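Engineer: task: produce atomic coordinates for the following.
(chains A, B, C and D)
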Number of protein chains: 2
Amino acid sequence: MKAKGGKPQGYRAIREDVLQRIRSGKWKPGAAVPGEIELAEEYGVARGTANKAMRELVEQGYLERKRKSGTRVRSSPLRAARFAIPLIRDEIEANARYGYKLLVREEVAADDVLRDRLALKAKTRLLHLLCLHLADDAPYAVEERWINLATLPEAAGVDFLSVGPNEWLVQRVPFTDVKLEFSAELPPPHVSVVLQSTVAPSLLAERTTWLNGNSVTYMRLTFKPGYRLATQY
Amino acid sequence: MKAKGGKPQGYRAIREDVLQRIRSGKWKPGAAVPGEIELAEEYGVARGTANKAMRELVEQGYLERKRKSGTRVRSSPLRAARFAIPLIRDEIEANARYGYKLLVREEVAADDVLRDRLALKAKTRLLHLLCLHLADDAPYAVEERWINLATLPEAAGVDFLSVGPNEWLVQRVPFTDVKLEFSAELPPPHVSVVLQSTVAPSLLAERTTWLNGNSVTYMRLTFKPGYRLATQY
DNA sequence: AAGTGGTCTAGACCACGGG
DNA sequence: CCGTGGTCTAGACCACTTT
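Structural biologist: As a prediction, the model looks like this:
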């Protein structure tokens, strides 16, 4: 345990001070907050220092700033939760022994659903993978993945037997846009069989990745029933 | 539509330039990146300007920086998805007419589950609410909420008939910590009845809110079957 | 027109951490 | 030790927005 008893110094001191006044209700939602110049004088620092403090509070969703009209406490705090999206491997290894199995590897032509989701032309070839992630030898999540071979031809030469597609992609392939969706589903039979689960709702995470307007990959990650995705902020 | 054709100026130019070099693979994961001084000279700007550009890239998860050893491209980009968590009302009003109904309002004693989750003493009184959020008169989500009256006695005097607890709380009550969890559940009967749904998996969002170590409220939000929580980054 | 935040500069000192 | 990033300063000009 680090002793963090000492009060923050510099711009952090200002940031925490202002935050304290917001949390305590001293500065209420919608209320105006002193400007940078005034704050800088109050704390005896340069304007740039006060600026940095206020900018961080804007970024954290506590303040709104507009030129000329000044700074205000956000009326309904735009709380943005930041989910860390670790490699599944890392998530499992935090508490258990990680295992990985490749179940299916095949080249396929895109069907209508995939063509739509990945914005593909008619005959585009995809690499389809079905993988199982295990924690202490028990099924943890099933990964269904399609990789666009038009964008990523080099994927055709990888066997994915020992390294999962997630890890392979993240290390080698840059991307510019990601769409992430969560929903609750009853897994289809070919997934629930692999999860060794009876009929029970599963959390489904879907991720579609793009590179400069070209689709790279689409992934469906079905977690075992009872899985909880948690964050704290 | 704004025409954003013009290339970014100042520190943004540096940020986008460096990002481009990462995304194009010119600078690979794990590789060292020029230091601030070098970058500043390259672009003919002050060191502080280069610093600002690099800091933003760290924050976005693209770079790692350490004193003395310098700046590197993150080997596996720490992709953090930022979920905006709007008031349900705003989420619905983006596409439909919002409706709200209070179904249950009662003071209760905390049971074991709630005592554990909210870290309560034995006899703490809670305000229990059951609410329905509607989109164009169709059930959209069911909100079950418990408010800690020890922390928030003033909530006992609010009827919550026209203003939902979510909106009331967010406007008036500051908080310091939030725990947010997502899972897939088969809703219990008293929830599925209200959702007018047959037996189908629902996405469940649970949020526990704290103020300086004291629990404020616990909420279970059950979305209608088929709901998708989406984010883009 | 004028006020407020956004950005930049040139220079400085400090803190961390690898050698 | 000493190089690199972290922070700060005092001053400046600019951009946006309201008056």
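Engineer: quick one: secondary structure of the residue nearest to residue A:169 when sequence neighbours are not counted?
Structural biologist: Leaving aside its sequence neighbours, residue A:169 sits nearest to residue A:217 (Cβ to Cβ, 6 or more residues apart in numbering or on different chains; 6.3 Å). Every C-beta, even on glycine, is put in place using the N, C-alpha and C of the backbone. Under DSSP: H, G, I helix; E, B strand; the rest coil, residue A:217 falls in the strand class.
Engineer: residue A:217 - how many residues pack around it?
Structural biologist: 25 (other Cβ atoms under 10 Å in any protein chain shown).
Engineer: next, the contact list for it, please.
Structural biologist: Applying Cβ atoms under 8 Å, 6 or more residues apart in numbering or on different chains, we find residue A:217 in contact with A:145, A:146, A:147, A:148, A:152, A:165, A:169, A:208, A:209.
Engineer: neighbour-wise, which one of these leads?
Structural biologist: Using other Cβ under 10 Å as the neighbour criterion, residue A:147 leads the contacts of residue A:217 with 28 neighbours.
Engineer: ok, back up a step: any chance of the contacts of residue A:217 in CSV, plus secondary structure, pLDDT and distance to residue B:161?
Structural biologist: As requested, the contacts of residue A:217 are exported to CSV (DSSP: H, G, I helix; E, B strand; the rest coil; pLDDT from 0 to 100; distance: Cβ to Cβ, whole Å):
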residue, secondary structure, pLDDT, distance to residue B:161
A:145, strand, 96, 49
A:146, strand, 96, 49
A:147, strand, 95, 53
A:148, strand, 95, 52
A:152, coil, 92, 56
A:165, helix, 94, 52
A:169, helix, 88, 51
A:208, strand, 94, 42
A:209, strand, 92, 46
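Engineer: and the strands in chain A?
Structural biologist: In chain A, the strands defined using DSSP state E lie at A:32-33, A:63-66, A:70-73, A:80-84, A:98-109, A:125-135, A:138-148, A:177-185, A:202-211, A:214-223, A:229-232.
Engineer: hey, least reliable of the ones you listed by pLDDT?
Structural biologist: Mean pLDDT is lowest for strand A:80-84 out of the strands of chain A, coming in at a mean of 67.
Engineer: per-domain residue ranges of chain A.
Structural biologist: A:11-73, A:88-223 (automatic domain parsing).
Engineer: make TSV out of those domains and add distance to DNA strand C.
Structural biologist: As requested, those are arranged in TSV below (distance: least, Cβ to the nearest atom of the strand, whole Å):
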stretch	distance to DNA strand C
domain A:11-73	3
domain A:88-223	21
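Engineer: give me the number of residues near the closest residue to residue A:182 other than its chain neighbours?
Structural biologist: Excluding its sequence neighbours, the residue lying closest to residue A:182 (Cβ to Cβ, 6+ apart) is residue B:229, at 4.4 Å. Residue B:229 has 17 neighbouring residues, counting by other Cβ under 10 Å.
Engineer: what residues are up against residue B:229?
Structural biologist: A:181, A:182, A:183, B:83, B:182, B:203, B:205, B:223.
Engineer: that one and residue A:226, how far apart?
Structural biologist: Applying Cβ to Cβ, to the nearest Å, the value for residue B:229 to residue A:226 is 19 Å.
Engineer: same deal with residue A:164?
Structural biologist: Applying Cβ to Cβ to residue A:164 and residue A:226 gives a distance of 22 Å.
Engineer: before we move on, what about residue A:32?
Structural biologist: 48 Å.
Engineer: cool, and residue A:57?
Structural biologist: Where residue A:226 is concerned, residue A:57 sits at a distance of 38 Å (Cβ to Cβ).
Engineer: buried ones in stretch A:23-42?
Structural biologist: For stretch A:23-42, burial by neighbour count (16 or more other Cβ atoms under 10 Å in any protein chain shown) applies to A:23, A:27, A:29, A:33, A:34, A:36, A:39, A:40.
Engineer: chain neighbours aside, what residue packs nearest to the last one?
Structural biologist: The shortest distance from residue A:40 to any residue other than its chain neighbours is 4.2 Å, reached at residue A:50 (Cβ to Cβ, 6+ apart).
Engineer: I figured that neighbour hits residue A:33, correct?
Structural biologist: No: the pair residue A:50 / residue A:33 is not scored as a contact, 11.0 Å apart, by Cβ atoms under 8 Å.
Engineer: residues contacting residue A:16?
Structural biologist: A:7, A:8.
Engineer: same question, residue A:206
Structural biologist: Applying Cβ under 8 Å, 6+ apart, the residues near residue A:206 are A:180, A:181, A:182, A:183, A:218, A:219, A:220, A:221.
Engineer: and if you look at residue A:190?
Structural biologist: residue A:130.
Engineer: surely residue A:182 meets residue A:220?
Structural biologist: No: contact criterion Cβ under 8 Å: residue A:182 and residue A:220 do not qualify, at 11.4 Å.
Engineer: neighbour count winner among those two?
Structural biologist: Counted by other Cβ under 10 Å, residue A:182 and residue A:220 do not tie: residue A:182 has more neighbours, with 23 against 18.
Engineer: beta partners for that one?
Structural biologist: In this entry, residue A:182 is beta-bridged to residue A:205, residue B:229, by DSSP bridges.
Engineer: which residue sits closest to the residue of chain A found nearest DNA strand D, ignoring its sequence neighbours?
Structural biologist: Using Cβ to the nearest atom of the strand, residue A:10 is the residue of chain A that sits closest to DNA strand D, at 1.5 Å. Nearest residue to residue A:10 in three dimensions, chain neighbours excluded: residue A:49, at 6.6 Å (Cβ to Cβ, 6+ apart).
Engineer: pull the contacting residues for that neighbour.
Structural biologist: A:10, A:11, A:14, A:40, A:43.
Engineer: that older thread, widest-spaced pair of the buried residues of stretch A:23-42?
Structural biologist: A:29 and A:40 (24.4 Å; Cβ to Cβ).
Engineer: circling back: who touches both of residue A:182 and residue A:220?
Structural biologist: With Cβ under 8 Å, 6+ apart as the test, residue A:182 and residue A:220 both reach A:204, A:205, A:206.
Engineer: among the residues you listed, which one lies nearest to residue B:139?
Structural biologist: So of those, ranked by how close each gets to residue B:139 (Cβ to Cβ), first place is residue A:204, at 21.6 Å.
Engineer: can I assume that closest one is in contact with residue A:182?
Structural biologist: Yes: here residue A:204 reaches residue A:182: they are 7.0 Å apart, a contact under Cβ under 8 Å.
Engineer: on that earlier part again, residue A:57 and residue A:226: who's more crowded?
Structural biologist: More crowded of residue A:57 and residue A:226, by other Cβ under 10 Å: residue A:57, with 22 against 13.
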